[in-house]
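> using only what follows, build the 3D model:
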Amino acid sequence: MAKLIFLLAMVAFASTLLVSIAGAADNSTSPSSPSADPTAYDMLQRFGFPVGILPQGVQGYKLGDDGSSFEVYLAGDCEFRAAKKYVLHYSSRVAGQIAAGSITSLEGVKVKEAFAWFRISEVDVDGDQIKLHVGLYTATVAADQLAVSPQCN
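The predicted model follows:
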């Protein structure tokens, strides 16, 4: 009887451990299975963007009730080099409006040019190119250069 109780206790412990590990797994940087909630990276792809416009380590996101306003949360501020020539800075909170091939009213993303930082206000997909709008200036990056999410420095 004692062996049976011990065995049942071990099965219960193992089941609890597996459930807690599965529930705590961070799937925000990996593609989701069909039954799981989509990640921020999955949502980018649904709107026609490469996943590499967001760095690794997204903690979560919210898509507004209107289906276009969004907020993405990172663990902290993040900088990395993109397309071998741009230094980008992401705040821990990035927000804006998203539609197929277009992000507008973007908040929380800046690009460094020489010694100054400039806010990226809009991002558009134009065929196999990604256009980053900074005021009147537009920088173009090949979409394939943003196929993989960069790691923060």
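
> ok, which stretches of this protein are helices?
Ranges of helices in the chain, per DSSP state H, are 2-24, 40-46.

> between these, which gets the lowest average pLDDT?
Lowest mean pLDDT of these: helix 2-24, a mean of 29.

> distance check, residue 76 against residue 60.
Look at residue 76 and residue 60: by CB to CB, to the nearest Å, they are 14 Å apart. Where C-beta positions appear, they are placed from N, C-alpha and C, glycine not excepted.

> rounded mean pLDDT for stretch 63-76, please.
Mean predicted lDDT for stretch 63-76 stands at 96.

> ok, and for it, which residues are buried?
Under the neighbour-count criterion of 16 or more other CB atoms under 10 Å, stretch 63-76 has 68, 70-74 buried.

> now for residue 133: which residues touch it?
Counting by CB atoms under 8 Å, 6 or more residues apart in numbering, residue 133 makes contact with 120-124.

> out of those residues, grab the one that's most surrounded.
Most neighbours among those, by other CB atoms under 10 Å: residue 120, with 23 neighbours.

> and that residue, what's its pLDDT?
Reported pLDDT for residue 120: 97.

> looking at the buried residues of stretch 63-76, which is nearest residue 96?
residue 70 (6.4 Å; CB to CB).

> right, and that closest one touches residue 95 too?
Yes - between residue 70 and residue 95 there is a contact under CB atoms under 8 Å: 6.5 Å.

> so what's residue 150 closest to, chain neighbours aside?
residue 80 (4.3 Å; CB to CB, 6 or more residues apart in numbering).

> if I pick the one you found, what's in contact with it?
By CB under 8 Å, 6+ apart, residue 80 lies in contact with 55, 87-88, 150-153.

> against residue 39, how distant is it?
Distance, residue 80 to residue 39, by CB to CB: 19 Å.

> ok, back up a step: can I get the contacts of residue 133 in JSON lines with distance to residue 103?
As requested, these are exported to JSON lines (distance: CB to CB, whole Å):
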{"residue": "120", "distance to residue 103": "9"}
{"residue": "121", "distance to residue 103": "9"}
{"residue": "122", "distance to residue 103": "6"}
{"residue": "123", "distance to residue 103": "4"}
{"residue": "124", "distance to residue 103": "8"}
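
> I'm done for today, thanks for sticking with me.
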